[in-house]
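Colleague: with the input below, show me the fold.
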Amino acid sequence: MSLERLNPASLSPPRGFSHAVTVSGGRLVLLAGQTGLDGRGRVVPGGLAAQFERALANLLTALAAAGGEPSHLARVTVYATDVAAYRACAAELGAAWRRLAGREYPAMAVIGVVRLWDEEALVELDGIAVVP
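Modeller: Alright, predicted model coming up:
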């Protein structure tokens, strides 16, 4: 299995994402949206950064259950109820990503939404991975 991250020099330098990811071989794993729910089904306290970290940890737990690891992520979509707040804590979110998932970034997008299924949730992540 091979994942290749492509960042053409003619595009703006990516920060916290890759412009494109190619995949060959492996098994496709589709990861459902994860919010900052704890093991009892309650949204964790602490605001956007704490919820992002827990949502990412939940996404990676689902990926591990499929035999994958963070480097197998090809795409992640982030849904945020307040994109300005998301941008304001980008450094903290990036630190959480590097701590949990490392420095290999999938193709990513952040999409502003009115609300999420879990009413207290501020952010949700879903993804696509390719596992060898």
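
Colleague: can you pull out the helices in the protein?
Modeller: Along the chain, the stretches classed as helices by DSSP state H are 47-65, 83-88, 90-101.

Colleague: so which of those helices is the most surrounded?
Modeller: helix 47-65 (a mean of 19; mean count of other CB atoms under 10 Å). (Glycine included, C-beta is placed from N, CA and C.)

Colleague: my guess is Glu4 meets Ser18, correct?
Modeller: No - contact criterion CB atoms under 8 Å: Glu4 and Ser18 do not qualify, at 9.3 Å.

Colleague: report the set of residues contacting both of the two.
Modeller: Here Glu4 and Ser18 have no joint contacts, going by CB atoms under 8 Å, 6 or more residues apart in numbering.

Colleague: what about those two, which has more around it?
Modeller: Higher neighbour count among Glu4 and Ser18: Ser18, with 18 against 10, using other CB atoms under 10 Å.

Colleague: excluding sequence neighbours, find me the nearest residue to that one.
Modeller: Of all residues not flanking Ser18 in the chain, Arg5 sits nearest, at 4.1 Å (CB to CB, 6 or more residues apart in numbering).
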